[in-house]
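# My questions are about this predicted structure, shown below with the sequence.
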Amino acid sequence: MSTTVAPRSRKGVDGWRWAGRIFLVIMVLYTALPMAWMLLTSIKSGFAATQFPPQWWPAEPTLASYQKLLDPQNSVGQDFLRFFWNSLFVSVCTTVLAVIVAVPAAYAFSRFRFPGRKFLFFSVLLRNMFPAVIFLVPLFILMRVLGLVNTHGSLILTYLTFGLPLAIWLLKGFYDNIPVQLEQAARIDGATRFQAFLLIVTPLSVPGIIATAIYSFIGAWNEYIYAATFLTKNEQLTLPVGIQRFFSENTTDFPGLMAASFLMSVPVVVLFLVLQKYFVRALTEGAVKH
Amino acid sequence: MTTLSGHSDAAPAHLARRPNILRQMWTSRADYLYVLPAIVVMLVVIAYPIYYTIDLSFFKTPPGLQLRDKIFVGTDNYTAILSSEVFWKVTLNTVIWTIASTLIAFVLGFGAALALHRDFAGRAILRAILIIPWVISAVAASYIWKWIYHSDFGVLGAVLVQFGILDRQPNFIDNVNSVLPSLIVVNIWREFPFAMIMLMAGLQTVPEQLLRAAKVDGASTWQRFWHVIFPHLRGVSTVTILLLAVANFNSFIIPWIMTGGGPSNASHIWITHIYELAFGRQRWGVAAAYSVLLFIILMVLGYFYVRALSGNESKESGA
């Protein structure tokens, strides 16, 4: 679709394009080299990782770190797999609940004009502004009152609230772009307002819902502060906290640490790369368009 | 229910006669059901903590969260904070951290979005690689960079030594002078992709005809950027910068995992400092007072945030 109409007589064009290419190369190096070093370190032995000058390429690559982490027979593997499962459970529950709560709210903000609508919308958005640390102590006490301390429920409830604002915002933009005539037609055909919402609008907003779900999932999967505060029992920890606790005891096992970081990143990276087009589209339609 | 009372086009006609807010609320009562779940969750988890924090900031608290024994001290916590040296040190760090991270991440993200806008072979792969740092956990990112910066085996120092730029392995994060810039590099690494995604989305809304017209009229690449693309992206840019600024002001994981605020407070920013006061030294009252000050700053930022967003909103409803 790019413009090939005019002959490129101008000298500046190529200069800018080259500048763009060089810039991209630098950015790719900046982004990829740390990740490449993580991978290279993770397939070294503990001894090979701590040589100076470093082995730029592992002389004897080994998957020992991965075997240790993924083997349910030894204690390290047991812990890691349990943390992994906990993270998955918490993230999936958060995602499902976030979609259930955000979809009707975003729809209402987009379609209805009830008093206080703007105020409520912006108070929802303002939630994004406040850091987790401010909420830690009061929420901890609240969770104690609700009897949720040391349960995954405390994390799910909390993650729900910090995922909601952006989810509602993204989805609202999506609903704004679905023509209201579709629902009006359905209403004329005898559907109730709720049926029109559920059967006509919701299927059309599936891409927005997917984007919302990715966002909630990644947020929950990566969260650290609340998980570090609300959970104390080892068997309940999620990955970010579990890894931190584990490696504060084994400070020199760098290949293990890098392998764990890699394994922790795989699910979210795969999920995002597979579904990224929905995310970018939701941003284009929701947040950016005006 | 036979009326379409929830819809704006139906409601104002009969309300113009009796502008009664309660009545209007009653007519649109069904609308509230849709937002109710979101509002309830928000109230429980947000309104209550804010009230609680403000209340606690006027008390001196014994350690261990035995909050029945708290003593009312008025504004003592606030005067103690404002007259402490650490406060100003941490504030300066926070300002440097927030401004540097936000601006550099934005500029790099903008550049990457522009460079990736034109279609070429391998564009999708490059875009995917550039986005990954934003997706992975900040805890993982912190460990990766901590390892790269390691004072004995760190690869970055080793590269610098190999190329003869330095004569011995440098100390990136155990050094008072280099720790903050080193952490900012990590933070930007994680955040520029967000700016890139936002601006890539924004670039798609720039009308192609307008660019072509400008080209036909003889505008140079720079002129097309400055007079056509940039004005189109002003709204997105404002929102992106605000979101980045808020996120940076609120960052915690990278400084906390990588240095814990050290050495000698050189990498403490507000949030890590509050966390340490509360959970490290158990000075809950002081930490709460810090949080209230933070609220005030955030409310000022929030004013601009809401204004930038409602700019979008009013244009939307105007269209």
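Yep, that arrived. Numbering: from 1, shown residues only, chains lettered A, B, ... in the order given.

# quick check, distance from the helix or strand encompassing residue B:213 to the centre of its chain.
Applying DSSP states H and E as the criterion places residue B:213 in helix B:208-216. Distance, stretch centre to chain centre, for helix B:208-216: 35 Å (Cα atoms, centre = their mean, to the nearest Å).

# Equivalent analysis for stretch A:41-48, please.
Chain-centre distance of stretch A:41-48: 29 Å, with Cα atoms, centre = their mean.

# Quick check: buried residues in that stretch?
Within stretch A:41-48, the residues scored as buried using 16 or more other Cβ atoms under 10 Å in any protein chain shown are A:41, A:42, A:43, A:44, A:48. In this view, the C-beta of every residue, glycine as well, is placed from N, C-alpha and C.

# just for the stretch 1-150 of chain A, where's the confidence low?
A:1-13, A:116, A:119-128 (pLDDT under 70).

# Next: the stretch 151-290 of chain A.
A:251, A:283-290.

# run the last query once more with 50
Applying pLDDT under 50 to the stretch 151-290 of chain A flags the ranges A:290.

# how about the helices in the stretch 101-250 of chain A?
Here the stretch 101-250 of chain A has its helices, by DSSP state H, counting those that start in this stretch, at A:117-126, A:132-146, A:152-176, A:180-188, A:193-195, A:202-204, A:206-222, A:225-230, A:239-249.

# now those as JSON lines including distance to chain B and mean neighbour count?
Formatted as JSON lines, the helices of the stretch 101-250 of chain A follow (distance: least, Cβ to the nearest Cβ, whole Å; neighbours: other Cβ atoms under 10 Å in any protein chain shown):
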{"stretch": "helix A:117-126", "distance to chain B": "5", "mean neighbour count": "18"}
{"stretch": "helix A:132-146", "distance to chain B": "4", "mean neighbour count": "20"}
{"stretch": "helix A:152-176", "distance to chain B": "4", "mean neighbour count": "24"}
{"stretch": "helix A:180-188", "distance to chain B": "8", "mean neighbour count": "14"}
{"stretch": "helix A:193-195", "distance to chain B": "7", "mean neighbour count": "15"}
{"stretch": "helix A:202-204", "distance to chain B": "12", "mean neighbour count": "13"}
{"stretch": "helix A:206-222", "distance to chain B": "4", "mean neighbour count": "23"}
{"stretch": "helix A:225-230", "distance to chain B": "6", "mean neighbour count": "24"}
{"stretch": "helix A:239-249", "distance to chain B": "4", "mean neighbour count": "19"}
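
# Tell me which of those sits nearest to residue B:76.
helix A:132-146 (18.9 Å; Cβ to Cβ).

# Need the CA coordinates for stretch B:269-288. PDB is fine.
Extracted as PDB, the C-alpha positions of stretch B:269-288 are listed here (Å, rounded to 0.1, in the frame of the first residue of the first chain):
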ATOM      1  CA  ILE B 269      12.400   6.000  44.600                       C
ATOM      2  CA  TRP B 270       9.200   6.900  46.400                       C
ATOM      3  CA  ILE B 271       7.400   3.600  46.100                       C
ATOM      4  CA  THR B 272      10.400   1.400  47.200                       C
ATOM      5  CA  HIS B 273      11.000   3.800  50.000                       C
ATOM      6  CA  ILE B 274       7.400   3.600  51.200                       C
ATOM      7  CA  TYR B 275       7.500  -0.100  50.900                       C
ATOM      8  CA  GLU B 276      10.600  -0.300  53.000                       C
ATOM      9  CA  LEU B 277       9.200   2.000  55.700                       C
ATOM     10  CA  ALA B 278       6.100   0.000  56.000                       C
ATOM     11  CA  PHE B 279       7.200  -3.600  55.600                       C
ATOM     12  CA  GLY B 280      10.900  -3.300  56.400                       C
ATOM     13  CA  ARG B 281      10.800  -1.000  59.400                       C
ATOM     14  CA  GLN B 282       7.100  -1.300  60.200                       C
ATOM     15  CA  ARG B 283       6.600   2.400  60.500                       C
ATOM     16  CA  TRP B 284       3.000   2.200  59.200                       C
ATOM     17  CA  GLY B 285       2.000   5.700  60.200                       C
ATOM     18  CA  VAL B 286       4.900   7.300  58.400                       C
ATOM     19  CA  ALA B 287       4.400   5.100  55.400                       C
ATOM     20  CA  ALA B 288       0.700   6.100  55.300                       C
END
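
# Run the chain-centre distance for that stretch.
Worked out by Cα atoms, centre = their mean, stretch B:269-288 lies 20 Å from the chain centre.

# from memory residue B:253 sits against residue A:224, does it?
Yes - Residue B:253 is within contact range of residue A:224, at 5.3 Å (criterion: Cβ atoms under 8 Å).

# re earlier: a markdown table for the helices of the stretch 101-250 of chain A, including distance to residue B:76?
Formatted as a markdown table, the helices of the stretch 101-250 of chain A follow (distance: least, Cβ to Cβ, whole Å):
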| stretch | distance to residue B:76 |
| --- | --- |
| helix A:117-126 | 29 |
| helix A:132-146 | 19 |
| helix A:152-176 | 31 |
| helix A:180-188 | 57 |
| helix A:193-195 | 55 |
| helix A:202-204 | 54 |
| helix A:206-222 | 38 |
| helix A:225-230 | 27 |
| helix A:239-249 | 35 |
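
# just to revisit the earlier point, mind checking the pLDDT average for the helix holding residue B:213?
Mean pLDDT, computed over helix B:208-216, is 85.

# where's the following helix or strand past it relative to the chain centroid, distance-wise?
Later in the chain than helix B:208-216, the nearest helix or strand by DSSP H and E is helix B:221-224. Its chain's C-alpha centre and that of helix B:221-224 lie 31 Å apart, by Cα atoms, centre = their mean.

# Also stretch A:142-150?
On the basis of Cα atoms, centre = their mean, stretch A:142-150 sits 26 Å off its chain's mean C-alpha point.

# ditto for stretch B:257-265
Using Cα atoms, centre = their mean, the offset of stretch B:257-265 from its chain centre is 21 Å.

# For it, measure first residue to last.
14 Å (Cα to Cα, to the nearest Å).

# residues of it that come out buried?
B:257, B:258, B:259, B:261, B:265.

# Which element, helix or strand, includes the nearest residue to residue B:301 once chain neighbours are set aside?
Of all residues not flanking residue B:301 in the chain, residue B:246 sits nearest, at 6.2 Å (Cβ to Cβ, 6 or more residues apart in numbering or on different chains). Secondary structure assigned from DSSP H and E places residue B:246 in helix B:234-249.

# What mean pLDDT does that helix get?
Regarding helix B:234-249, the rounded mean pLDDT is 86.

# can you check stretch B:292-301 too?
The average pLDDT within stretch B:292-301 is 83.

# Just the CA atoms from it would do, formatted as CSV, please.
What follows is stretch B:292-301, C-alpha atoms only, in CSV (Å, rounded to 0.1, in the frame of the first residue of the first chain):
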residue,chain,number,x,y,z
VAL,B,292,-1.1,10.5,51.3
LEU,B,293,1.6,12.9,49.9
LEU,B,294,1.9,10.5,46.9
PHE,B,295,-1.9,10.7,46.5
ILE,B,296,-1.7,14.5,46.2
ILE,B,297,1.0,14.4,43.6
LEU,B,298,-0.9,11.7,41.7
MET,B,299,-4.1,13.7,41.8
VAL,B,300,-2.3,16.6,40.1
LEU,B,301,-1.0,14.2,37.5
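
# How about that stretch, which residues are buried there?
Neighbour-count burial for stretch B:292-301 flags B:292, B:293, B:294, B:295, B:298 (criterion: 16+ other Cβ under 10 Å).
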